[in-house]
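Enquirer: Based on what follows, work out the 3D shape:
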Amino acid sequence: METIRRIEIKDLFCEKAKEVIGKDVRVKGWVRTKRGNKSVAFIALNDGSTIKNIQIVADVASFSEDILKQITTGACICAEGVLVESMGKGQSVEIQAKQIEIYGTADVETYPLQKKGHTLEFLREIAHLRPRTNTFGAVLRIRHNMAFAIHKYFNDRGFFYWHSPLITASDCEGAGEMFQVTTLDLDATPKNEQGKTDYTKDFFGQSTFLTVSGQLEGELGATSIGKIYTFGPTFRAENSNTPRHLAEFWMIEPEMAFYDINDNMDLAEDFIKFLVRYALDNCKDDIQFLNDMYDKELISRLEGVLKESFVRLPYTEAIDILSKSGHKFEVPVSWGMDLQSEHERFLVEKHFKRPVILIDWPKEIKSFYMKQNDDGKTVRGMDVLFPQIGEIIGGSEREADYNKLVTRMKELNMNMDRYQWYLDTRRFGSAPHSGFGLGFERLLLFVTGMSNIRDVIPFPRFPKNATF
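Expert: Have a look, this model is predicted:
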C-alpha cells in the first residue's frame, strides 16, 4: 500500500483535485461515521485538515467481515481507491475503496464521541478528545490561522518579535494576582530573622512569579529597537469562574516608540480589522460551519467590523451616555468606576452599533504606567470594545516623564527597588511611546462565535482545574 503517496483530505476539495479524478488516491484519518447495507458501506473519514469529510465507498463483497467490523466511529484507517465525482448530495467527490488498513480501533462501548449531539460542557471533560469533533477542529484551525496572521501583520510592518520572560519579579498590572514560582520545600520553608520566608534561599534568590504581562519588558524593546510585539502565554491567579476568564491565556502586546495615543488607536483598529479580514478570507469553511451551528449572526458581525471606523469616545462622555440612556444596569453607573461588561456592550451593541475605543480614563482605576493628562484626573488609556465580547484590547500611551512616573508609583506604595531597571528607560533618553494588549482567546471568541473562552484554547486552565 506504500506505492501511492497520501493526500490530505482538504486537497481533495480544492481546484487541483480535478487532476486526480479517476486516479488512485490514498487518505488516512479517523472515522466519523459508517453506514450502509449488506452490499455497500459508506465511511465518512476526516484527517483534521478540513471541516469536510471524504466519503469512502466500500463494496462489502470486496472486504473481509473482520475488517469492516473494525471500522467504527473513532477508528483510524488508511484507505486507497479511485477518486470519482460523487452522485450523492453533500460532497463533490468520493473514493471507491480498493484497500483499507486499520491503524487503530475504537471500542464502540467506551469511545465517548459516538454519532450524537454532545454538549460543550461534556466536551470540556474530555478535552484530550474534543479536537476530533467538527466544532473543535474548526476552532483550532482558526486559532492557528489567527496566530499566523498576527505574526504576518507585525512582520510585514517592520515590527520585531520580542520574547518577554515568563518568570518575573515584577507585577505589571499592580493587582498582585500572580502565581508564585518557587523550588522551596513548602512543608519546611526557610525563615529569615523576621520569621518570614527567606527567599534568598530560593532558586532565583528572591520571590518570583509567572508573568501577568510582557509589557514592561516590551517597553524596553520599544525604547531601543523601535517597534516590537510579544505573543506568548500569560498567567492570572484570579479566582474567576466566568465564560471570559482563564488562568492561563495568550497575549499579543505591541510596543512602539514615538507613537502617541492616536497612533496607538490607529494601529489597534487596523490590526484587528486585518485579523478579521484574514479569518474571513482563509477560514471560510470553518467560519461557515460555526455560523450555521452556533451563531447565525457570526459572519454578518465579522463583516460589520470591517465596514465602519471605530468610535473614539472619551470615558466621561461614555458615562454621560450610559447615565442618560434610561437603561437599568445591574451595576449603577458613576464617574470613576471601571465599566462592566453590560456597560461596554450597551455602548457597542445598542448605542453606537459598532466597535468603540474608550479613551481618557480616570487615573485612579488605571495602571501606574499610563501617561497622565493635563487635567490631573485622567490618563491616556484606551480600551477597544467589541460586540458580544466587551473589552478586547487594553492599552495606553505610556508615561514618559520620570518624575511623574515615580510620583505615581510612590502613591501606589510600589516597591521601587524592583522597578529601577524600568525607570532607567525614563532616566536615559526617555521617549514618547505607546502600546496595547490583545487577549488572543478574547479575539478567538469574537472570530469563532463561541460563547465560552474555555472552548477556544486546547486545554483550558481555570480554578480547581489543571487536567490534561
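
Enquirer: Okay, helices next: where are they in the stretch 1-150 of the chain?
Expert: Using DSSP state H, counting those that start in this stretch, the helices of the stretch 1-150 of the chain run over 65-70, 120-125, 134-156.

Enquirer: Need the winner for burial among those.
Expert: helix 134-156 (a mean of 18; mean count of other CB atoms under 10 Å). C-beta: built from backbone N, CA, C; applies to glycine.

Enquirer: got the CA coordinates for that helix in PDB?
Expert: Output in PDB follows, covering the C-alpha atoms of helix 134-156 (Å, rounded to 0.1, in the frame of the first residue of the first chain):
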ATOM      1  CA  ASN A 134     -16.200  19.200  13.900                       C
ATOM      2  CA  THR A 135     -16.600  22.100  16.300                       C
ATOM      3  CA  PHE A 136     -13.100  21.900  17.900                       C
ATOM      4  CA  GLY A 137     -11.400  21.000  14.700                       C
ATOM      5  CA  ALA A 138     -12.900  24.300  13.200                       C
ATOM      6  CA  VAL A 139     -11.900  26.300  16.300                       C
ATOM      7  CA  LEU A 140      -8.300  25.000  16.400                       C
ATOM      8  CA  ARG A 141      -7.800  25.600  12.700                       C
ATOM      9  CA  ILE A 142      -9.000  29.200  13.100                       C
ATOM     10  CA  ARG A 143      -6.700  29.600  16.200                       C
ATOM     11  CA  HIS A 144      -3.700  28.500  14.000                       C
ATOM     12  CA  ASN A 145      -4.700  30.900  11.200                       C
ATOM     13  CA  MET A 146      -5.100  33.800  13.600                       C
ATOM     14  CA  ALA A 147      -1.700  33.100  15.200                       C
ATOM     15  CA  PHE A 148      -0.100  33.100  11.800                       C
ATOM     16  CA  ALA A 149      -1.900  36.300  10.800                       C
ATOM     17  CA  ILE A 150      -0.600  38.100  13.900                       C
ATOM     18  CA  HIS A 151       3.000  37.300  13.100                       C
ATOM     19  CA  LYS A 152       2.400  38.200   9.400                       C
ATOM     20  CA  TYR A 153       0.800  41.600  10.300                       C
ATOM     21  CA  PHE A 154       3.600  42.700  12.500                       C
ATOM     22  CA  ASN A 155       6.500  41.300  10.400                       C
ATOM     23  CA  ASP A 156       5.100  43.000   7.300                       C
END
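
Enquirer: And the contacts of that helix?
Expert: 46, 48, 51, 120, 123, 130-131, 161, 229, 231, 252, 254, 271, 274-275, 278-279, 282-283, 285-287, 289-290, 293-294, 440, 443-444, 447-448, 450, 455-458 (CB atoms under 8 Å, 6 or more residues apart in numbering).

Enquirer: Would you mind putting the helices of the stretch 1-150 of the chain into a markdown table with distance to residue 31 and mean pLDDT alongside?
Expert: Shown next, in a markdown table, are the helices of the stretch 1-150 of the chain (distance: least, CB to CB, whole Å; pLDDT from 0 to 100):
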| stretch | distance to residue 31 | mean pLDDT |
| --- | --- | --- |
| helix 65-70 | 10 | 96 |
| helix 120-125 | 19 | 95 |
| helix 134-156 | 14 | 98 |
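
Enquirer: As TSV, these with distance to residue 84 would be great.
Expert: Converted to TSV, the helices of the stretch 1-150 of the chain look like this (distance: least, CB to CB, whole Å):
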stretch	distance to residue 84
helix 65-70	21
helix 120-125	35
helix 134-156	24
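
Enquirer: hmm, back to that, now list the buried members of the contacts of helix 134-156.
Expert: 46, 51, 120, 123, 130, 229, 231, 252, 254, 271, 274-275, 278-279, 283, 286-287, 289-290, 294, 440, 443-444, 447-448, 450, 455-457 (16 or more other CB atoms under 10 Å).

Enquirer: Among those, which are located in strands?
Expert: 46, 229, 231, 252, 254 (DSSP state E).

Enquirer: coming back round to it: which stretch among the helices of the stretch 1-150 of the chain comes nearest residue 220?
Expert: Ranking the helices of the stretch 1-150 of the chain by proximity to residue 220 (CB to CB) places helix 134-156 first, at 17.4 Å.

Enquirer: Centre of the chain to the closest one, how far?
Expert: 9 Å (CA atoms, centre = their mean, to the nearest Å).

Enquirer: One more: stretch 98-106?
Expert: Remark: stretch 98-106 is offset 35 Å from the chain centroid, using CA atoms, centre = their mean.

Enquirer: Show the average pLDDT along that stretch.
Expert: The pLDDT scores in stretch 98-106 average 97.
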